[in-house]
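Trainee: here is a sequence with its predicted model. Questions after.
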Amino acid sequence: MEEKYHIIIIGAGHAGCEASLACARLGLKTLIITLNVDSIARMPCNPAIGGIAKGQMVREIDALGGEMGKITDLAGLQFKILNGSRGPAVWSPRAQCDKELYSTLMSKSLQDQINLDILQSEVTSLIVKNNRVCGVKILTNEVINAEAVIVATGTFLRGKIHLGNMHFDGGRFNEHQASYLSKSLIEDCGIKLGRFKTTTTPRINALSIDCSKMLKQSGDKKPIPFSHFTEIEKWRRDLRQLSCWLTYTNKTTHKIVSDNLALSSINIGEVNSKSPRYCPAIEEKIERYPEKTDHHIFVEPEGYNTNEVYLNGLYTGLPFNLQQQMINSIVGLENARVIRYGYAIEYDYSDPLQIKKTLETKTIENLFLSGQINGTTGYEEAASQGFIAGVNAGLKILNKSPVILERNKSYIGILIDDITTKGMDEPYRMFTSRAEYRLSIRNDNADLRLMDIGKSIGLISDKVYRKFELYRNTLTQIYKGKTENLPTNDDLSPWSFEKVNEEICIYKKYKGYIEIQNKTTNKVKKNENRRIPENFDYNKLESLSVETKQRLLKIRPQTIGQASRIHAIKPSDIAILTVYLEKKRKEIKGEY
Ligand SMILES: Cc1cc2nc3c(=O)[nH]c(=O)nc-3n(C[C@H](O)[C@H](O)[C@H](O)COP(=O)(O)OP(=O)(O)OC[C@H]3O[C@@H](n4cnc5c(N)ncnc54)[C@H](O)[C@@H]3O)c2cc1C
């Protein structure tokens, strides 16, 4: 271990891994400290990377020079484009992964990385002098000095596990909580902490399920890798995809749950913190939607070398025996044997209004926060922040300007802008509806949007960038109809003519819509000060979600600008509201 590091990262989850690799690749002496080196980049919930809007973020991390996409291509066991029947703007790549392989490969990447040391220990406090962080203290009381520190502690700060009526300390099942660091964040750094919670599902033995009663969900016939740098043809040849299965809950399942709501750790009052609205426990779904008689359950493998399967949609905090009963009430799972039970976890988070867009804290210089500690949920949200925190901590030490991604350039920019300007009252996850420019920030063009930035940061090599430039030039050339002196497919690889043609096709299809999108967005910006009538009935706007209506009715903003700054109000909501008010203004001049 060095006497002094440029940067220390606390936590080797998805945020910490991206942060540490980015710092080390910028040439800085980096140390990552984590509670357990056997759980580097562990996926404690579904071992799936990507999905709606999240897939776009992984492509963006990759285009900027991050790691998540590369590892996913190597560890994925099923690849699918979600929303494939809709327009390319919302196509979202998703991969079910082998969770052990993912963790092993990310761990190996960290071990192989020059400038990066790994240490298994618990950071107990931050060393702060004159409002500037200058190191950390670990469990053995040793102090390790550094110029900057990135906190990426996930669900571990004062983590508490709830399983039915059992409650015990833990950062995840079988992993101990980080007990001390919260106190230091509060007392030494002036950071205010809140409590959030999340749940996970039971895992069952694949040999005990009856797949013949369920609907097979295969991977794509022509899978698309996440990383721009994966050699697609070879990768497709080597890939062995596994199937997932679809089944449903039913009236019996719902009865078991509703009869026992009082026994769930979700409802007995011990867990009084907020959980992610869009990853609800089955108890919450049944309470929220009593009219629904079934809910999807996707049965998904967790790896090539394990029989454990994940029950996507069955997040729960019910006691053991009820989880077993509930599972056995589902078609195809009548004889299913549980290997691990689902549980809820409650943890400390820091309201991200306390950080700048660089992810540096406002109170303590050179202290950065990233990942779940900022109130977000999800591996991709964590990795995106980890990458940006790593880059900005590194650039600051190198005396260079920070990277702040724009909302019209990336989902990562939207995530950071949303959380640092609106804060949050429940865990934040990314959706395409949060993006006012979603027609232009697609998964297919992440490289065209961001690789120049990756190059300027120093995380895209000259060799790779030359290939990218060749691809971009070829794209322009073919778009303009010039077909002489084109490179060969080999010259373009890992890009290809398949990709060139797809990109041109999407661009032509979307050109007109993108112009309309930009006009609408500009109109919304111009309408910042437009007044909203005092008793405006938001229920009239059918296209607004129930959540949006509830928030607007509760706060009753006076202007469009004020409405747009309410937590979880999306740009698409504001566009709907603006267009409606505009129409009404024309109908009843003066009132609106
Ligand atoms: C039970 C459970 C259910 C979940 N359900 C969902 C879900 O439904 N949907 C969803 O999107 N996401 C879910 N998640 C969240 C998902 O796991 C996280 O969003 C993601 O892993 C966060 O990444 P991270 O890097 O911020 O933190 P983590 O992946 O949690 O990693 C934190 C790391 O920090 C280390 N660490 C913590 N404190 C210290 C310390 N003081 N010293 C040294 N090392 C430390 C830990 O060892 C760990 O390696 C769930 C998580 C859990 C635990």
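Mentor: That came through, no problem.
Trainee: give the closest residue to residue 412 in space, chain neighbours not counted.
Mentor: Using CB to CB, 6 or more residues apart in numbering and skipping residues adjacent in sequence, the residue nearest residue 412 is residue 384, 4.5 Å away. Backbone N, C-alpha and C define where each C-beta goes, glycine included.
Trainee: just the C-alphas of whichever helix or strand that neighbour is part of, formatted as CSV.
Mentor: Element membership for residue 384 (DSSP states H and E) is helix 379-397. The C-alpha coordinates for helix 379-397 follow below in CSV (Å, rounded to 0.1, in the frame of the first residue of the first chain):
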residue,chain,number,x,y,z
TYR,A,379,-26.8,-0.9,-10.9
GLU,A,380,-26.7,1.3,-14.0
GLU,A,381,-27.6,4.4,-12.1
ALA,A,382,-24.9,3.6,-9.6
ALA,A,383,-22.3,2.8,-12.3
SER,A,384,-23.1,6.1,-14.2
GLN,A,385,-22.5,8.2,-11.1
GLY,A,386,-19.4,6.2,-10.2
PHE,A,387,-17.9,6.9,-13.6
ILE,A,388,-18.7,10.6,-13.4
ALA,A,389,-17.5,10.9,-9.8
GLY,A,390,-14.2,9.1,-10.7
VAL,A,391,-13.7,11.2,-13.8
ASN,A,392,-14.4,14.5,-12.0
ALA,A,393,-12.3,13.6,-8.9
GLY,A,394,-9.5,12.7,-11.3
LEU,A,395,-9.8,15.8,-13.4
LYS,A,396,-9.9,18.0,-10.3
ILE,A,397,-6.6,16.6,-9.1
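Trainee: which elements pack onto the next helix or strand after that helix?
Mentor: Downstream of helix 379-397, the next assigned helix or strand under DSSP H and E is helix 411-422. Applying 3 or more CB pairs under 8 Å, 6 or more residues apart in numbering; DSSP states H and E, we find helix 411-422 packed against helix 54-64, helix 379-397.
Trainee: pop the domain breakdown of the protein in here.
Mentor: Domain assignment for the chain by automatic domain parsing gives 203-345, 461-523, 527-587.
Trainee: pick the most deeply packed of the ones you listed.
Mentor: Ranked by mean neighbour count, the domains of the chain are led by domain 203-345 with a mean of 18 (mean count of other CB atoms under 10 Å).
Trainee: does the ligand sit close to that one?
Mentor: Yes: Domain 203-345 lies within reach of the ligand by CB under 6 Å from any ligand atom, at 279, 345.
Trainee: can you offset everything so residue one is 87?
Mentor: From this message on, residue numbering opens at 87, which makes the last subject domain 289-431.
Trainee: avg pLDDT for that domain?
Mentor: For domain 289-431, mean pLDDT is 91.
Trainee: now name the helix or strand holding residue 603.
Mentor: Per DSSP H and E: residue 603 is located in helix 583-612.
Trainee: what packs against that helix?
Mentor: Based on contacts counted as 3+ CB pairs under 8 Å, 6+ apart, the elements that helix 583-612 packs against are helix 548-565, helix 657-673.
Trainee: can I get these in a markdown table with distance to the ligand and mean pLDDT?
Mentor: Shown next, in a markdown table, are the helices and strands packed on helix 583-612 (distance: least, CB to the nearest ligand atom, whole Å; pLDDT from 0 to 100):
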| stretch | distance to the ligand | mean pLDDT |
| --- | --- | --- |
| helix 548-565 | 26 | 95 |
| helix 657-673 | 21 | 83 |
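Trainee: would you format those as a markdown table with distance to residue 260 included?
Mentor: Putting the helices and strands packed on helix 583-612 into a markdown table (distance: least, CB to CB, whole Å) gives the following:
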| stretch | distance to residue 260 |
| --- | --- |
| helix 548-565 | 40 |
| helix 657-673 | 41 |
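Trainee: which one of those helices lies nearest to residue 403?
Mentor: Residue 403 lies closest to helix 657-673 among these, at 31.0 Å (CB to CB).
Trainee: which helices and strands does that closest one pack with?
Mentor: Counting by 3+ CB pairs under 8 Å, 6+ apart, the packing neighbours recorded for helix 657-673 are helix 583-612, helix 646-650.
Trainee: and if we set it to 10 Å?
Mentor: Judged by 3 or more CB pairs under 10 Å, 6 or more residues apart in numbering; DSSP states H and E, helix 657-673 is in contact with helix 583-612, helix 632-641, helix 646-650.
Trainee: of all those helices, which one is nearest the ligand?
Mentor: The ligand sits nearest to helix 632-641 of all the helices and strands packed on helix 657-673, at 17.3 Å, using CB to the nearest ligand atom.
Trainee: how far does the closest one sit from its chain's centre?
Mentor: 24 Å (CA atoms, centre = their mean, to the nearest Å).
Trainee: chain center to stretch 444-457: distance?
Mentor: Distance of stretch 444-457 from the chain centroid (CA atoms, centre = their mean) equals 19 Å.
Trainee: would that stretch count as contacting the ligand?
Mentor: Yes: using CB under 6 Å from any ligand atom, stretch 444-457 reaches the ligand at residue 457.
Trainee: do the same with stretch 434-442
Mentor: No: Stretch 434-442 lies apart from the ligand when judged by CB under 6 Å from any ligand atom; the minimum separation is 9.8 Å.
Trainee: quick check: end-to-end length of that stretch?
Mentor: Distance between the two ends of stretch 434-442: 20 Å, counting by CA to CA, to the nearest Å.
Trainee: off-centre distance for it?
Mentor: Put simply, stretch 434-442 sits 17 Å off its chain's centre (CA atoms, centre = their mean).
Trainee: also stretch 417-432?
Mentor: The chain centre lies 24 Å from the centre of stretch 417-432; the measure is CA atoms, centre = their mean.
Trainee: would you mind giving the helices and strands packed on helix 657-673 as a markdown table with distance to the ligand and mean pLDDT added?
Mentor: Listed next are these as a markdown table, based on distance: least, CB to the nearest ligand atom, whole Å; pLDDT from 0 to 100:
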| stretch | distance to the ligand | mean pLDDT |
| --- | --- | --- |
| helix 583-612 | 28 | 85 |
| helix 632-641 | 17 | 87 |
| helix 646-650 | 25 | 85 |
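Trainee: which among the ones you listed is found nearest to residue 304?
Mentor: Within those, the stretch nearest residue 304 is helix 583-612; the backing value is 21.4 Å (CB to CB).
Trainee: and that closest one, how far from the chain's centre?
Mentor: From the chain centre to the centre of helix 583-612 is a distance of 25 Å (CA atoms, centre = their mean).
Trainee: got it, and stretch 615-629?
Mentor: Chain-centre distance of stretch 615-629: 32 Å, with CA atoms, centre = their mean.
Trainee: how long is that stretch end to end?
Mentor: 23 Å.
Trainee: circling back: ok and the helix holding residue 603 relative to helix 548-565, angle-wise?
Mentor: In terms of direction (axes from the mean of the first three to the mean of the last three CA atoms, to 10 degrees), helix 583-612 departs from helix 548-565 by 80 degrees.
Trainee: report the inter-axis angle for helix 583-612 versus helix 657-673.
Mentor: Between helix 583-612 and helix 657-673, the angle comes out at 50 degrees (the same axes, to 10 degrees).
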